[in-house]
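Colleague: after the sequence you'll find the predicted model.
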Amino acid sequence: MNHPDPAPSESPAPVGLLAALASALATLGELVFSRVELLLLDIQDGVDGLGRVLLWAFIALMATGLGLLIGALTLIFAFWDTHRLLVSLLVTGAFFLLALLAALVVRTQLRAQRALFAASLEEFMRDREYFRPRS
């Protein structure tokens, strides 16, 4: 009795399909892993940079504030007998102008700052364009 043998082309198809599916899943996993890794690196860079900037900004503010306070007191004491009220008002006005200038500089720097996750977002956009169905 002759039993029909399965055709040789039928057997490798499921194995090839499973291998291709496994390969596609592995590639997808690597893609997701690399994007998450890039996102975490962006977060780490942002936190590190922000920490350094905040530390030095605090040191600069404290040193500047103390210097200006001692300078203002020196001016007021120097003119104590003649024009103490005028000098006090001028020093106060100078402090307010300096505060306004500092606020404008901070606003300008915040607007010019690079987006926190710019590199990650760019990669996600490229991935979306790559995997978008072609018509």
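Modeller: Arrived safely.
Colleague: what stretches of the chain score poorly on pLDDT?
Modeller: Of all residues in the chain, those with pLDDT under 70 make up the ranges 1-14, 114-117, 135.
Colleague: quick one, helices of it?
Modeller: 12-78, 84-112, 118-131 (DSSP state H).
Colleague: can I get the shortest one as PDB, trimmed to CA atoms?
Modeller: As requested, the backbone C-alpha atoms of helix 118-131 are provided in PDB (Å, rounded to 0.1, in the frame of the first residue of the first chain):
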ATOM      1  CA  ALA A 118      14.000  65.500  21.800                       C
ATOM      2  CA  ALA A 119      16.200  62.600  20.700                       C
ATOM      3  CA  SER A 120      13.700  60.000  21.900                       C
ATOM      4  CA  LEU A 121      10.800  61.700  20.200                       C
ATOM      5  CA  GLU A 122      12.700  62.000  17.000                       C
ATOM      6  CA  GLU A 123      13.500  58.200  17.000                       C
ATOM      7  CA  PHE A 124       9.800  57.400  17.800                       C
ATOM      8  CA  MET A 125       8.700  59.600  14.800                       C
ATOM      9  CA  ARG A 126      11.200  57.800  12.500                       C
ATOM     10  CA  ASP A 127       9.900  54.400  13.700                       C
ATOM     11  CA  ARG A 128       6.300  55.500  13.200                       C
ATOM     12  CA  GLU A 129       7.000  56.600   9.600                       C
ATOM     13  CA  TYR A 130       8.900  53.300   8.900                       C
ATOM     14  CA  PHE A 131       6.100  51.100  10.200                       C
END
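Colleague: thinking again about what came up before, now the helices of the chain in TSV, with mean neighbour count?
Modeller: All C-beta spots, glycine's among them, are computed from the backbone N, C-alpha and C. Listed next are the helices of the chain as TSV, based on neighbours: other CB atoms under 10 Å:
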stretch	mean neighbour count
helix 12-78	11
helix 84-112	11
helix 118-131	12
